[in-house]
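Enquirer: from the sequence below, what's the structure:
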Amino acid sequence: MVDPLDPPSSRSSRSSRSTHEHVVRVRYGETDRMGVVYHGEYLAWLDEARTELLRALGYPYDRLEAEGTGLVVRKADLRYRSPARFGDDVRVRVTVERVRGASLLLSYRLERVGDDHHLADAQTELAAVTFGLEPVRPTPIPEGVRRALEAAISTRDADA
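Expert: Here you go, the predicted model:
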């Protein structure tokens, strides 16, 4: 168990080419009066983990945006299995499942660090869009990002 008095600077990441792991410490403001994480916070953790995945693959999200492309969430599916609580360290494992022309699918598994207790599963589907165009329309995923994401899938399949 972690010391809840330690600063929440424990947000850290670790990556292999196939699965990226990002750890978040549950902060008091992310919980309700019972010390249980508010359900919407999980979506923020997914966002944080996928941003760190792109960084680990060599393509930070700010670079993607500087090149005029954004990745917007088209669909999010989240299944809660057990509550996270104030002071827990939560490991978010994110895996690239599929890359298509203008979209990608990521899966996530959330576990409590220390006992690996399974907290939640999720998937997000993201669409690439070009900033500044109205109406917003899908655009092809930039080649550099596509190659990095496809390499992650290839490595995962080779490890299987």
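Enquirer: what is the strand or helix carrying E21 packed up against?
Expert: Using DSSP states H and E, E21 maps to strand 19-25. The contact analysis (3 or more CB pairs under 8 Å, 6 or more residues apart in numbering; DSSP states H and E) places strand 19-25 against strand 12-15, helix 41-56, strand 89-99. In short, each C-beta sits where N, CA and C put it, glycine included.
Enquirer: in terms of mean pLDDT, which of those ranks lowest?
Expert: When the helices and strands packed on strand 19-25 are ranked by mean pLDDT, strand 12-15 comes last with a mean of 57.
Enquirer: please compute how far the strand holding E21 lies from its chain's middle.
Expert: Distance, stretch centre to chain centre, for strand 19-25: 8 Å (CA atoms, centre = their mean, to the nearest Å).
Enquirer: sheet partners, orientation included, of it?
Expert: strand 12-15 (antiparallel), strand 89-99 (antiparallel) (DSSP bridges).
Enquirer: where does pLDDT dip in this structure?
Expert: Applying pLDDT under 70 to the chain flags the ranges 1-17, 155-160.
Enquirer: deepest-packed of the strands paired with strand 19-25, please.
Expert: Comparing the strands paired with strand 19-25 by mean neighbour count (mean count of other CB atoms under 10 Å), strand 89-99 comes out on top with a mean of 20.
Enquirer: quick one: contacts of that strand?
Expert: With contact meaning CB atoms under 8 Å, 6 or more residues apart in numbering, strand 89-99 is reached by 2, 10, 18-26, 45-46, 48-50, 53, 84, 104-114, 116, 119, 123, 141, 146, 149-150, 152-153, 156.
Enquirer: and the residues you listed, which are buried?
Expert: 18-26, 45-46, 48-50, 53, 84, 104-113, 119, 123, 141, 146, 149, 152-153, 156 (16 or more other CB atoms under 10 Å).
Enquirer: tell me the contacts of G70?
Expert: Contacts of G70 (CB under 8 Å, 6+ apart): 64, 128-131.
Enquirer: next step: those restricted to helices.
Expert: L64 (DSSP state H).
Enquirer: so how do I select the buried members of the contacts of G70 in ChimeraX?
Expert: Remark: buried members of these, expressed as a ChimeraX selection using 16+ other CB under 10 Å:
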select :64,128,129
